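>>> predicted model and sequence follow; I will ask about them next.
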Amino acid sequence: MVEAPRNAPFKAMTEPLRSTSVSSTTAPSPPPGFVEKTPLERYLPPAKPSLVGLSRAQLTEALATVGVAAAQRKMRVQQIWHWLYVRGVRDFAEMTSVSKELRAALAAQFTLARPEVVAEQISADGTRKWLLRLADGHSGERPHEIECVYIPEADRGTLCLSSQVGCTLTCPFCHTGTQRLVRNLTPGEIVGQIMVARDRLDDWLGAGRPAGEPAGAQRMRQGGQRLVSNIVMMGMGEPLYNFDAVREALLIAADGEGIAISKRRITLSTSGVVPNIARAGAEIGCMLAVSLHAVRDELRNELVPLNRKYPINQLLDACRKYPGLSNARRITFEYVMLKDVNDSLTEAKALVKLLAGIPAKINLIPFNPWPDTKYECSDWEQIERFSEIIFNAGYASPVRTPRGRDILAACGQLKSASEKLSARERLALRAMAMTD
Ligand code: SAH
Ligand code: SF4
């Protein structure tokens, strides 16, 4: 179990939570009953910023500020990009193809810092969870923390990334939604999660092979594949409410001269921020997962309150228009199985009808219970019956396999220690981390 640090009073936690309709998207006034939390927290850049997460253009500017001549900047950016994202160096001194003077000049103004690993837990099945502390300028206050989960499988290794500290939305079955603290992550903090995972897994080019590594990991390395081969934006937060930072981070992750994870291996999960779905398709080009969870607006209004703003028909229209869809490139529809709430066979049939014509995969997610939740996971037999209807309609309907149970890592309900500290009465219960 992750132990939270116990010092430093945490101002935001003592303030009453303000509810408001303010959001990062465009609707002029909120629909009735739709409530979002305000992102009370602000990012304060540290005194010495990290180069991690800067775009090539920003890196070029950074080089200009330390006096690199215009004619040399492109070449230097290429070099630094390689050291950062292919070799994963953590110290400017390791950038041996860069002149000593430039390394010193860079080190005087910048760092290569990623989020600090506060705790690492490794499950018997190889799933790893990291509690990460963010390096912003919150001096004297409690630092922000996020979680990140790595799920190894025979043919891939999936990293589940957070996009926000907490979430402004309030889906009642989601533990993250109960977290009061909310702040958008910066591109560097999102890319930084990948850097940390590659650091901890020895997954940089030219890295050694740790003794006692599980067979799957060895196979992947021997096949020339990196351990972190896939990314899902399914950790804490709503990625489409932090669009610009998520876009910048995912474009860095997909850059073929750096981290080089193909866009087909990057999946962004959204609860349905309709205007930004088209933008995700046009500006990021990654795979899309949609947290549907209900087939009727009345129920979805309750389970995914954002539905009051963007109802099911608008959401599915946006899905139909998502670029590049084909049988090989499908949208994943996530459906959490909640006992006696959304798990009837009538709903299974309605789900199939609703998705007709959309190249779709359907992921049934057994509900991960957490303390004080009013929901229960559907019975296993019911999940099987539900899944059979979907299967008979021609969809592969994998039920996501629970992973990392023993370290209580739950993708989709991650909640960092910041909150646990202020709510000691809540036992930290993390059921599982999942991948499709
Ligand atoms: N905010 C985004 C991405 C993060 S949540 C979204 O909602 O899509 C990732 C997935 O986990 C979502 O499908 C979410 O609905 C689901 N989830 C959240 N809490 C869960 C729980 N307690 N049990 C099972 N799935 C959950
Ligand atoms: Fe936020 Fe997603 Fe949880 Fe809803 S399910 S509260 S959108 S993280």
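Thanks, I have it. Ligands and ions are numbered 1, 2, ... in the order given.

>>> report the separation between the nearest residue to V52 once chain neighbours are set aside and V304.
Counting by Cβ to Cβ, 6 or more residues apart in numbering, V52 lies nearest to G188, which is 4.8 Å off, once chain neighbours are set aside. C-beta here means a position set from N, CA and C on the backbone, and glycine is covered the same way. Using Cβ to Cβ, to the nearest Å, G188 is found at 30 Å from V304.

>>> cool, A280 as well?
In terms of Cβ to Cβ, A280 sits 18 Å off from V304.

>>> the more surrounded of G188 and V304?
V304 (27 against 24; other Cβ atoms under 10 Å).

>>> who touches the more buried one in this structure?
L169, C171, S271, G272, S291, H293, A294 (Cβ atoms under 8 Å, 6 or more residues apart in numbering).

>>> so which residues of the stretch 101-250 of the chain form strands?
Applying DSSP state E, counting those that start in this stretch to the stretch 101-250 of the chain gives strands spanning 116-122, 128-133, 145-152, 157-160, 164-165, 183-184, 230-233.

>>> quick one: these as TSV, columns for distance to W204, mean pLDDT and mean neighbour count too.
Listed next are those as TSV, based on distance: least, Cβ to Cβ, whole Å; pLDDT from 0 to 100; neighbours: other Cβ atoms under 10 Å:
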stretch	distance to W204	mean pLDDT	mean neighbour count
strand 116-122	16	92	16
strand 128-133	16	93	22
strand 145-152	15	92	28
strand 157-160	14	95	26
strand 164-165	27	92	26
strand 183-184	28	90	22
strand 230-233	16	96	25
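
>>> adding distance to ligand 2, write those strands out as JSON lines.
Below are these laid out as JSON lines (distance: least, Cβ to the nearest ligand atom, whole Å):
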{"stretch": "strand 116-122", "distance to ligand 2": "21"}
{"stretch": "strand 128-133", "distance to ligand 2": "17"}
{"stretch": "strand 145-152", "distance to ligand 2": "12"}
{"stretch": "strand 157-160", "distance to ligand 2": "12"}
{"stretch": "strand 164-165", "distance to ligand 2": "8"}
{"stretch": "strand 183-184", "distance to ligand 2": "13"}
{"stretch": "strand 230-233", "distance to ligand 2": "10"}
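
>>> to ligand 1, which of these lies closest?
Proximity to ligand 1 (Cβ to the nearest ligand atom) singles out strand 230-233 among those, at 6.5 Å.

>>> neighbouring contacts of that closest one?
By Cβ under 8 Å, 6+ apart, strand 230-233 touches 156-161, 163, 194, 239, 246, 250, 253, 261, 265-269, 289, 411, 435.

>>> make it 6 Å
Strand 230-233 is contacted from outside by 156, 158-161, 163, 239, 261, 265-269, using Cβ atoms under 6 Å, 6 or more residues apart in numbering.

>>> chain center to that strand, what's the gap?
Averaging C-alpha positions (Cα atoms, centre = their mean, to the nearest Å) puts strand 230-233 7 Å from its chain's average.

>>> circling back: need the strands of the stretch 101-250 of the chain in JSON lines (columns: distance to R300).
Listed next are the strands of the stretch 101-250 of the chain as JSON lines, based on distance: least, Cβ to Cβ, whole Å:
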{"stretch": "strand 116-122", "distance to R300": "34"}
{"stretch": "strand 128-133", "distance to R300": "30"}
{"stretch": "strand 145-152", "distance to R300": "26"}
{"stretch": "strand 157-160", "distance to R300": "24"}
{"stretch": "strand 164-165", "distance to R300": "22"}
{"stretch": "strand 183-184", "distance to R300": "25"}
{"stretch": "strand 230-233", "distance to R300": "21"}
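
>>> domains in the protein, by residue range?
51-112, 116-432 (automatic domain parsing).

>>> most tightly surrounded among those domains?
domain 116-432 (a mean of 19; mean count of other Cβ atoms under 10 Å).

>>> from what I can see P187 touches A249, true?
Yes. Counting by Cβ atoms under 6 Å, A249 is a contact partner of P187 at 4.4 Å.

>>> what sits in contact with each of the two?
Counting by Cβ under 6 Å, 6+ apart, nothing touches both P187 and A249.

>>> nearest spatial neighbour of Q164, skipping sequence neighbours?
Nearest non-adjacent residue to Q164 (Cβ to Cβ, 6+ apart): G237, at 2.8 Å.

>>> where do the helices of the stretch 251-400 of the chain begin and end?
274-279, 297-303, 312-320, 345-354, 380-392 (DSSP state H, counting those that start in this stretch).

>>> packing partners of the third one?
If you count contacts as 3 or more Cβ pairs under 6 Å, 6 or more residues apart in numbering; DSSP states H and E, helix 312-320 packs onto helix 274-279.

>>> so how far is the helix it packs on off the chain centroid?
17 Å.

>>> same deal with stretch 355-369?
Worked out by Cα atoms, centre = their mean, stretch 355-369 lies 18 Å from the chain centre.

>>> same thing with stretch 380-398?
Averaging C-alpha positions (Cα atoms, centre = their mean) puts stretch 380-398 27 Å from its chain's average.

>>> ok, stretch 148-160 next?
That offset, for stretch 148-160, works out to 13 Å (Cα atoms, centre = their mean).

>>> show me the shaky parts of this protein.
1-28, 33, 35, 37-41, 137-142, 207-216, 218-219, 221-223, 397-398, 400-436 (pLDDT under 70).

>>> and the furthest pair within the contacts of V304?
L169 and A294 (14.9 Å; Cβ to Cβ).

>>> ok, and the closest non-adjacent residue to A113?
S50 (4.3 Å).

>>> residues from the protein in reach of ligand 2?
C167, L169, T170, C171, C174, T176, G177, G237, E238, S271, S291 (Cβ under 6 Å from any ligand atom).

>>> CA-only coordinates of stretch 123-135 in PDB, if you can.
This file holds the C-alpha atoms of stretch 123-135, laid out as PDB (Å, rounded to 0.1, in the frame of the first residue of the first chain):
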ATOM      1  CA  SER A 123       2.300  -7.200  -8.500                       C
ATOM      2  CA  ALA A 124       2.900 -11.000  -8.700                       C
ATOM      3  CA  ASP A 125       1.600 -10.800 -12.300                       C
ATOM      4  CA  GLY A 126       4.200  -8.100 -13.300                       C
ATOM      5  CA  THR A 127       1.800  -5.200 -13.100                       C
ATOM      6  CA  ARG A 128       3.600  -2.100 -11.700                       C
ATOM      7  CA  LYS A 129       2.100   1.000 -10.200                       C
ATOM      8  CA  TRP A 130       4.000   4.100  -9.500                       C
ATOM      9  CA  LEU A 131       3.000   7.000  -7.200                       C
ATOM     10  CA  LEU A 132       4.500  10.100  -8.700                       C
ATOM     11  CA  ARG A 133       5.100  13.500  -7.200                       C
ATOM     12  CA  LEU A 134       5.000  16.400  -9.600                       C
ATOM     13  CA  ALA A 135       7.700  19.000  -9.600                       C
END
